[in-house]
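Novice: Predicted model, plus sequence, below.
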Amino acid sequence: MRRLVESVPNISEGRDQAVISTLAAGVQSIPSVALLDVHVDPDHHRSVFTMVGEPKAMNEALFSLVQQAQQLIDIRQHQGEHPRIGVVDVVPWIPFQGVSMDDCVTSANELGVRIGKELKIPVFLYEEAKKVSLRAKLEVIRRGGLSVLKDRMKKDKDWQPDYGPPTIHPTAGAMALGARFFLIAFNVVLQCDDLAVARQIAKSVRTTSGGLPSVKAMGVPLSSRELVQVSMNLTDYRETSLRQAFQAVYEEARRYGIDILESEIVGLVPEGAWDAKLWHDLKLRPMKSDPVIESRLEQSLVF
């Protein structure tokens, strides 16, 4: 059996196609790594790369990606709707085939050591790779943005990075690096421009407010379209499915007399989370090819 891991690095660039293309080409140049999808969002001002590869090759590809992004993107000039702390905001390691979660934790640490030492970017480990319990959740690391993180690093011994210098990199910021289960990023676009409503719906469906299990959610303006969106992360689709998440947002929106325009999947989904009826039932925006990661991998010329 092949030993494969998945990673979905989030890049803080969603508007300069030349930069995105350069970063994608860099990933594609690494043998034994397949770049299966690049999801670009100008409003969020971020791009999500979906990659699958052999562990050692993935380590090289991710390091090269962070290094290139450090050279091409200046976090001081970045403005977007999605929370972020660095030019490469988050890099998760996800077991895919023949690899354990412990293996992914080891790989995350190996990559963190190298990024901290060679690129001088402070690295915070999260989820299964965490070393400090209070930093286990990504949203805790991101809370308040880069300026708040910078202040915490100065004042709180619990906020010294796991790897790298104890100060924010001037242009690259910081990054979160971890190991976790499959996560599905799922956005539902409302037929209105009322951000307060989107935020209230997000509050109603997310786990921390008593909503659905394994759901993180926030309301986001889509300035380019004069619409709003409920942006969700389904951290365990076995507990809350795409259909259940959509239905919860739909029912909450109806309470405000608002319809749903469409929804979208950011990146790809595992085979166990998908069925063909979802295209219709979720009003999903069309994608250029199959949204299932296993199918994309089969079509890849890399393996």
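Specialist: Received, thanks.
Novice: contacts and neighbour counts: CA atoms only from here.
Specialist: Noted.
Novice: what residues does stretch 205-222 touch?
Specialist: For stretch 205-222, contacts defined as Cα atoms under 8 Å, 6 or more residues apart in numbering pick out 43, 81-82, 193, 195-204, 227-237, 239-240, 245, 248-249.
Novice: now do 6 Å
Specialist: With Cα atoms under 6 Å, 6 or more residues apart in numbering as the test, stretch 205-222 has contacts from 43, 198-199, 202-204, 228-236.
Novice: So for that stretch, what gets flagged as buried?
Specialist: Buried residues in stretch 205-222, counted by 16 or more other Cα atoms under 10 Å: 205-206, 211-222.
Novice: cool, stretch 238-250 as well?
Specialist: Neighbour-count burial for stretch 238-250 [16+ other Cα under 10 Å]: T240, S241, L242, R243, A245, F246, A248, V249, Y250.
Novice: Dump that stretch to CSV, restricted to CA.
Specialist: Backbone C-alpha positions of stretch 238-250 (Å, rounded to 0.1, in the frame of the first residue of the first chain) are rendered in CSV as follows:
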residue,chain,number,x,y,z
ARG,A,238,-19.4,11.8,10.2
GLU,A,239,-21.1,13.9,12.9
THR,A,240,-22.5,16.6,10.7
SER,A,241,-22.9,16.0,7.0
LEU,A,242,-22.9,18.6,4.2
ARG,A,243,-26.7,18.0,3.8
GLN,A,244,-27.3,18.6,7.5
ALA,A,245,-25.2,21.8,7.6
PHE,A,246,-27.0,23.1,4.6
GLN,A,247,-30.4,22.3,6.0
ALA,A,248,-29.7,24.0,9.2
VAL,A,249,-28.6,27.2,7.4
TYR,A,250,-31.7,27.0,5.2
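Novice: those strands in the stretch 101-250 of the chain, which residues are they?
Specialist: For the stretch 101-250 of the chain, strands defined by DSSP state E, counting those that start in this stretch occupy the ranges 123-127, 175-179, 184-190, 215-222, 227-234.
Novice: Take those and write them to JSON lines, including mean pLDDT and distance to K155.
Specialist: Listed next are these as JSON lines, based on pLDDT from 0 to 100; distance: least, Cα to Cα, whole Å:
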{"stretch": "strand 123-127", "mean pLDDT": "98", "distance to K155": "16"}
{"stretch": "strand 175-179", "mean pLDDT": "98", "distance to K155": "19"}
{"stretch": "strand 184-190", "mean pLDDT": "97", "distance to K155": "33"}
{"stretch": "strand 215-222", "mean pLDDT": "96", "distance to K155": "29"}
{"stretch": "strand 227-234", "mean pLDDT": "97", "distance to K155": "31"}
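Novice: Which of the ones you listed sits closest to V87?
Specialist: strand 175-179 (7.9 Å; Cα to Cα).
Novice: Show me what that closest one pairs with in its sheet, parallel or antiparallel.
Specialist: As defined by DSSP bridges, the strand partners of strand 175-179 come to strand 88-97 (parallel), strand 123-127 (parallel).
Novice: What about P42, how many residues nearby?
Specialist: The number of residues packed near P42 is 16, by other Cα atoms under 10 Å.
Novice: can you tell me the helix or strand for the residue lying closest to it once chain neighbours are set aside?
Specialist: Nearest non-adjacent residue to P42, counting by Cα to Cα, 6 or more residues apart in numbering: G14, 4.6 Å away. Here G14, judged by DSSP states H and E, is contained in no helix and no strand.
Novice: check contacts around G14.
Specialist: V40, D41, P42, H45, R46, S47.
Novice: Show the pLDDT at it.
Specialist: Listed pLDDT for G14 reads 93.
Novice: For the remainder of this discussion, apply numbering that starts at 48.
Specialist: Got it, the first residue is 48 from now on, which makes the last one we talked about G61.
Novice: give me phi/psi at it?
Specialist: For G61, the backbone dihedrals are phi -140, psi 10 (criterion: degrees, to the nearest 10).
Novice: Contact partners for S310?
Specialist: S310 neighbours (Cα under 6 Å, 6+ apart): N234, V235, V236, K330, L331, R332.
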